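S.K.: next comes the sequence, and after it the predicted model I'd like to discuss.
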Amino acid sequence: MPWRQLLRNLTNNEELIRRLSESYPIRRAAQLTAYFYSASKDKFIEQRGKYERAGGWDKTKKDVKDDFQGVQSIGKEYISTLFRPYTDTWANYKELRRQQEKSRTSTTPPPSSSTKTTPKTTIINKKKSSS
């Protein structure tokens, strides 16, 4: 609390404020602030002009889209390289299964029409009568 009162008294003291504003460090800080502000503003305007002449927002959107597609293709390539042993094994397995199915169908005779059909049986639940 005492710090707050002291600070309030110092900031409300007109003579102190005037003396500080006329001091070299405060004047130099104000000069540097004004210089950096105007220099930054000029640089910003110059860069904005270059940006607009280069294509502006449309070019930026196109560049971002191209970069994103490039990252996607790199990711797909990385994933395919990472999982290639597993995908190769899976493809070999599927090919082996296909060959087994072919050999199985070529060695077994086709089903004949004289096969017996078993009659369907149904189970009927008898209800017990309650007394």
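M.R.: Thanks, I have the structure now.
S.K.: name the residues of stretch 3-12 that are buried.
M.R.: For stretch 3-12, burial by neighbour count (16 or more other C-beta atoms under 10 Å) applies to no residue. Quick note: C-beta positions are derived from backbone N, CA and C, even for glycine.
S.K.: pull the residues that contact that stretch.
M.R.: 16-17 (C-beta atoms under 8 Å, 6 or more residues apart in numbering).
S.K.: same thing but 7 Å
M.R.: For stretch 3-12, contacts defined as C-beta atoms under 7 Å, 6 or more residues apart in numbering pick out Leu16.
S.K.: likewise for stretch 24-43?
M.R.: With contact meaning C-beta under 7 Å, 6+ apart, stretch 24-43 is reached by Leu20.
S.K.: which residue is nearest the middle of the protein?
M.R.: Among the residues of the chain, Phe68 comes closest to the average C-alpha position under C-alpha atoms, centre = their mean, at 10.1 Å.
S.K.: near Ser103, how many other residues are there?
M.R.: Using other C-beta atoms under 10 Å, Ser103 is surrounded by 10 other residues.
S.K.: let me redo that: Leu20
M.R.: Leu20, neighbours per other C-beta under 10 Å, totals 13.
S.K.: packing partners for the helix or strand containing the residue nearest to the centre of the chain?
M.R.: Remark: Phe68 resides in helix 56-107, with elements defined by DSSP states H and E. Contacting helix 56-107 under the criterion 3 or more C-beta pairs under 7 Å, 6 or more residues apart in numbering; DSSP states H and E is no other helix or strand.
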